[in-house]
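# no sequence for this one, just the structure:
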């Protein structure tokens, strides 16, 4: 049911004037059609790969999880969740392990963890490019649970 263009009062579809304020109502004006889907040109394989880019893949993962296009694509959702969990591991390495390793022993264990995380990201980009939903230890289990909850 439409509303008055002046006061917002509810009017009938065929009313030419508002009952409350008397303002003339546009006749036969329909809302504009929705614009083109900005994600229409992105293939599921590309979406899956973009979830694993170190540092910025989390942005793509959140976009894919929120989009209507990939809402029912379990493979893309799996890669998006796994990419997010991998990003959380990067954050924990930077915010927790790095300061602790500097304070405790001056051993740079966080650099080893960073290399492992980078290797996991590259490995998962390769797997996603082949349309394989490889489940990383811990991260994959969490991702599968997250996809299953939907």
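Right, received. Where do you want to start? What you see is a predicted model; the values in this text were computed from it and never measured.

# going forward, measure contacts between C-alpha atoms and count neighbours the same way
Noted.

# Would you confirm that residue 46 belongs to a strand?
No. Read with DSSP: H, G, I helix; E, B strand; the rest coil, residue 46 is helix and lies in no strand.

# got the contact list for stretch 116-130?
Identification of contacts with stretch 116-130 by Cα atoms under 8 Å, 6 or more residues apart in numbering yields 45-46, 48-50, 52-54, 79, 86, 89-90, 133-134.

# list the buried ones in the helix or strand encompassing residue 116?
Using DSSP states H and E, residue 116 falls within helix 109-129. In terms of neighbour count (16 or more other Cα atoms under 10 Å), helix 109-129 has its buried residues at 110, 113, 114, 117, 118, 121, 122, 124, 125, 127, 128, 129.

# Quick one: mean pLDDT over that helix.
Mean per-residue pLDDT for helix 109-129: 95.

# Among the contacts of stretch 116-130, show me the least confident.
Lowest pLDDT of these: residue 133, 89.

# how many other residues sit next to the closest residue to that one other than its chain neighbours?
Using Cα to Cα, 6 or more residues apart in numbering and skipping the chain neighbours, the partner closest in space to residue 133 is residue 75 (6.6 Å). Counted with other Cα atoms under 10 Å, the neighbours of residue 75 add up to 19.

# buried set for the one helix or strand residue 75 maps to?
Using DSSP H and E, residue 75 maps to helix 74-92. Burial within helix 74-92, assessed by neighbour count using 16+ other Cα under 10 Å, is assigned to 75-87, 89-90.
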